[in-house]
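Participant: Turn this into a model:
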Amino acid sequence: MRKFLWMAAVAAVGLSSAAQANITPVLTSVTAEGGLFRYAYQVTLDSDQGLINGSKISIFDFAGFAGGLTTSNPTFAAGTELFTSGQLTPPGFTDDAAVTNLTMTWTDDAYHSAGGPFAETNFVLTALSTFNHTRFDGYSAVAVKNNGASVGMRTDNVGPISVPFGTSVPEPASWALLMVGFGGMGALIRARRRSAISSAV
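Facilitator: Down below sits the predicted model:
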């Protein structure tokens, strides 16, 4: 019985934390663009969440950032930071202060901040990177609750998200250059060995 109650409590905590989700980004595509790669994120504002001036989402450690920031709604100001303060860091991830974070900050009056729930709202954030390989890092978002007893109160949401990163695995063209270089070095070493043997005889 005690085990059952413990499992029920864990499930209840899981459900309450799921209900706290507010602004959730998902990587939807990576496309080549002029020698760079455009990352597109769909950012969903949940039905029980609203935005006030300063509400913000940060995607940590977007490696190889090369500009090209766009948003589907100009009220969300797209920007970058090297270190994001005032927001939670997802468990298991760190915010590397040497790698650019992408940010979206709401710059207008309140949106869906009371009287909810409303239909989900989707926004799009895109940015360019020099890298086309991905790994998981974290995101952090701040919004407000739009209904119930906690209407207007701050909500925080964190989680994992795919971001670009530099890979130590060379591209095929780089492999070809490396093989030519190693081949040339091998030929040079063999030629010197032959020369040394000839002079010794």
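Participant: burial of S150, as a residue count?
Facilitator: Around S150 sit 12 other residues, with neighbours defined as other CB atoms under 10 Å. Every C-beta, even on glycine, is put in place using the N, C-alpha and C of the backbone.
Participant: For it, which residues are in contact?
Facilitator: Residues near S150 by CB atoms under 8 Å, 6 or more residues apart in numbering: none.
Participant: cutoff 10 Å now
Facilitator: Contacts for S150 were tallied using CB atoms under 10 Å, 6 or more residues apart in numbering; they are D48, V144.
Participant: For G50, see how far away it is.
Facilitator: Per CB to CB, to the nearest Å, S150 is found 12 Å from G50.
Participant: Could you do A40 as well?
Facilitator: Taken as CB to CB, the span from A40 to G50 is 24 Å.
Participant: So those two - more neighbours on which side?
Facilitator: Shown here are A40 and G50; by other CB under 10 Å, G50 has more neighbours (28 against 16).
Participant: which residues does that one contact?
Facilitator: Here G50 is in contact with 22, 106, 110-118, 121, 143-147, 151-152, 155 (CB under 10 Å, 6+ apart).
Participant: okay, the closest residue to it other than its chain neighbours: pLDDT?
Facilitator: Distances taken as CB to CB, 6 or more residues apart in numbering place S113 nearest to G50, at 3.4 Å, with adjacent residues excluded. Looking at S113, its pLDDT is 95.
Participant: Enumerate every residue touching S113.
Facilitator: Neighbours of S113 in contact, by CB under 10 Å, 6+ apart: Q49, G50, L51, I52, S55, A143, V144, K145, N146, V151, G152.
Participant: Okay, and which of those residues map to helices?
Facilitator: Among the contacts of S113, no member falls in helices (DSSP state H).
Participant: Surely F83 is in a helix?
Facilitator: No. Counting by DSSP: H, G, I helix; E, B strand; the rest coil, F83 falls outside a helix, being coil.
Participant: Distance check, it against L125.
Facilitator: Where L125 is concerned, F83 sits at a distance of 19 Å (CB to CB).
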